[in-house]
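1. Starting from these lines, generate the structure:
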Amino acid sequence: MHLSAHQSTWNHGRTGIWFVGARGSVATTATLGLAAIASGLSAPTGCVTAQAPLDDVALPAFADLVVGGHDISDTPLGKKAEQLVEAGMIPYRLLEAVRPQLDAVDADIRPGYDAAHRSGSQAAAAEALAADIVDFRERHGLARVVVVDLASTEPLPAPAPELEDLDLLRAALEDPEREVLPASSVNAYAALLAGAPYAGFTPSASMNLPALHALAAERGVPFAGQDGKTGQTWLRSVLAPAITARGLRVLSWAGSNLLGGGDGATLADPHAVQSKLVSKNRGLQDLTGSTVTPLHIDNVPDLGDIKVAWDHIHVEGFLGSRLTLQTTWSAYDSMLAAPLVLDLARLLALADAAGLSGPVPEMGFFFKDPWGSDVHSFAEQSRVLGVWAHRTSAQADAVQAGVDEP
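-> Predicted coordinates for the structure are as follows:
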C-alpha cells in the first residue's frame, strides 16, 4: 500500500475490530478484504482513509487491525466467503490466498445475543458479551477494540421510560422476566461495558437511545452512526445539494430499491423496513425541503447481494418550467459497505486515542441519518471529516505526549 510521504506514524497501540454479525456478508467481505490489503494482494480502493485528504493522517495500519466478533450463525467464515465467491463477488484466488487468515478470525467469533433463546436477564447477557470483547482485547494485546454493528435490521423499539433514563434502564435489565432492549441495543450496551468505541452501521436502534448516550458519556466512549450510506443515499446527498444550489426547487423525489439475500428477506418485514425508510428519507427531505419522497424497498431473492436502485427526480425551474432526472445503478452492496466499515474502525480508533466520548458528528460522512449532526450534503460532510481527522490526530498526539510525560 502506498503511503503519503508526509504521513505521520500511528503510535497509539494496536486496534481490534469486533463485528456484530461477524459471519454476515458485509463482515465477511470486510474481513477478507482487510486480509487481502494487509497481505499486499489488493489495494485499499474504496477506503476513504487511504485517499487524500486523509492519507496523511496517522491511523492504525491495515496490517495491525485484528478481527473478531459475535454472531448467532455457526456457518464458518470460510464457508460464507465461498458463498460470496459463488455469487461472483470475490475472486476464488483471493479467497484461497487469505483462507488461513479467515480461519484465524473465525476462531475469534463467539456466539452472539439471541433474544429467541435467551435465559436469564439482559444485564447478564450484556455482561457476557462484554466479557468476550475484553477477553479478545487482552489475548491479542490490543489498546482498544472498535465494535461495529452489521447485524440484520430490526424494528425500532416502542417508547419506554427505561430507554430515556439510565438508572431505570439498569434496574430493568436486571429483571430476567423483562426484555427492555432490542438485540442491537444489548450489543451496544455490551460495547459500553467493555469500554469499546462503537459504530452503528444499520438503521436499528442500537446506541441511539438517551439512556445509552448517558452511559457512553459516563464511560468516556466515542460512537458514530446511523445506517451506512453506501449507494443510493450517497448519490442523493451529492445530487440534491447541486440541484438546490442552482436555485431549483425539488417537487418530488421518488425511489425504489430492489435487493435479495439476507437484507432483502429482512426488509420484507414491514416493521423492520420502517427504520430503513426513515433513515433514507430524513436526509433527503432536509436537503430538498420536499416532503414528497416516496420510497419502496422490495425483496427480489434472485438478485442475491446485488442491489438495484432507481430514482425519479421532478424539479421546478425558471418560470415554472419542469426538469426530470432519472438515475439507475446496481452494485454488490457488501462491496460498497466493506471499505467504509474499515474506515470507521480506523477513525474511531483515532477518536478513542484522542480521548473523545459521545457521538462523533463529523463521521456523518458515512451515514444516512448521522447521530449528532444535521449535515447531509456529501461535499460538506467530506470537508468536515477531513478537518476533524487532522485536528483529532494532533489531539491524539497531545494526549499521548501528556501520558508519556513523567
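2. can you name the farthest residue from the center of the chain?
-> Going by CA atoms, centre = their mean, the residue of the chain most distant from its centre is L319, 43.3 Å out.
3. From A126, how far out is that residue?
-> L319 sits 60 Å away from A126, going by CB to CB, to the nearest Å. In this view, the C-beta of every residue, glycine as well, is placed from N, C-alpha and C.
4. What are the buried residues along stretch 137-151?
-> 137, 142, 144-151 (16 or more other CB atoms under 10 Å).
5. averaged over its residues, what pLDDT does it have?
-> Average pLDDT, stretch 137-151: 98.
6. now stretch 278-297
-> 83.
7. Start and end of it, how far apart?
-> Taking CA to CA, to the nearest Å, stretch 278-297 runs 12 Å from one end to the other.
8. again with stretch 302-322
-> 37 Å.
9. again, but for stretch 327-341
-> Its first and final residues considered, stretch 327-341 spans 26 Å by CA to CA.
10. So which residues lie in contact with that stretch, not counting its own?
-> 25-30, 33, 44-48, 84, 87, 89, 148, 150, 199, 201, 228-232, 235, 239, 259, 263, 305-311, 313, 366 (CB atoms under 8 Å, 6 or more residues apart in numbering).
11. Export the buried residues of stretch 137-151 to a markdown table and append columns for distance to L336 and secondary structure.
-> As requested, the buried residues of stretch 137-151 are exported to a markdown table (distance: CB to CB, whole Å; DSSP: H, G, I helix; E, B strand; the rest coil):
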| residue | distance to L336 | secondary structure |
| --- | --- | --- |
| R137 | 29 | helix |
| L142 | 28 | coil |
| R144 | 26 | strand |
| V145 | 25 | strand |
| V146 | 20 | strand |
| V147 | 21 | strand |
| V148 | 15 | strand |
| D149 | 17 | strand |
| L150 | 13 | coil |
| A151 | 18 | coil |
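12. Relative to R14, which of the residues you listed is nearest.
-> Nearest to R14 among these is L142, at 5.0 Å by CB to CB.
13. any idea how far P370 is from the closest residue in space to that closest one that isn't next to it in sequence?
-> For L142, ignoring the flanking residues on the chain, the nearest one in space by CB to CB, 6 or more residues apart in numbering is G16 at 4.5 Å. Distance, G16 to P370, using CB to CB: 24 Å.
14. Repeat that for G68.
-> 27 Å.
15. top helix in this protein by residue count?
-> Counting residues, the longest helix found in the chain (DSSP state H) is helix 378-404.
16. on contacts alone, who are the packing partners of that helix?
-> Applying 3 or more CB pairs under 8 Å, 6 or more residues apart in numbering; DSSP states H and E, we find helix 378-404 packed against helix 232-245, helix 333-353.
17. Only the buried residues of that helix, if you could.
-> So, applying 16+ other CB under 10 Å, buried residues of helix 378-404: 378, 381, 384-386, 388-389, 392-393, 395-397.
18. Tell me the one of the residues you listed nearest L248?
-> F378 (17.9 Å).
19. Make sure the residue nearest to L142 is indeed in a strand.
-> Yes: membership of G16 in a strand is supported by DSSP: H, G, I helix; E, B strand; the rest coil.
20. which residues of this structure fall in strands?
-> Shown for the chain, the strands assigned by DSSP state E span residues 15-20, 65-71, 109-111, 144-149, 198-200, 222-225, 249-259, 295-299, 306-316, 322-332, 358-359.
21. Worst mean pLDDT among the ones you listed?
-> strand 295-299 (a mean of 87).
22. what's the neighbour count on T9?
-> Counted with other CB atoms under 10 Å, residues neighbouring T9 total 7.
23. if I pick it, what's in contact with it?
-> Taking CB under 8 Å, 6+ apart, one finds A58 in contact with T9.
24. Make residue 1 into 75 and carry on from there
-> New numbering, starting at 75: the last item is T83.
25. hang on, the earlier thing: any chance of the strands of the chain in TSV with distance to A412 as columns?
-> TSV is the format used below for the strands of the chain (distance: least, CB to CB, whole Å):
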stretch	distance to A412
strand 89-94	11
strand 139-145	12
strand 183-185	17
strand 218-223	11
strand 272-274	13
strand 296-299	17
strand 323-333	16
strand 369-373	21
strand 380-390	14
strand 396-406	9
strand 432-433	23
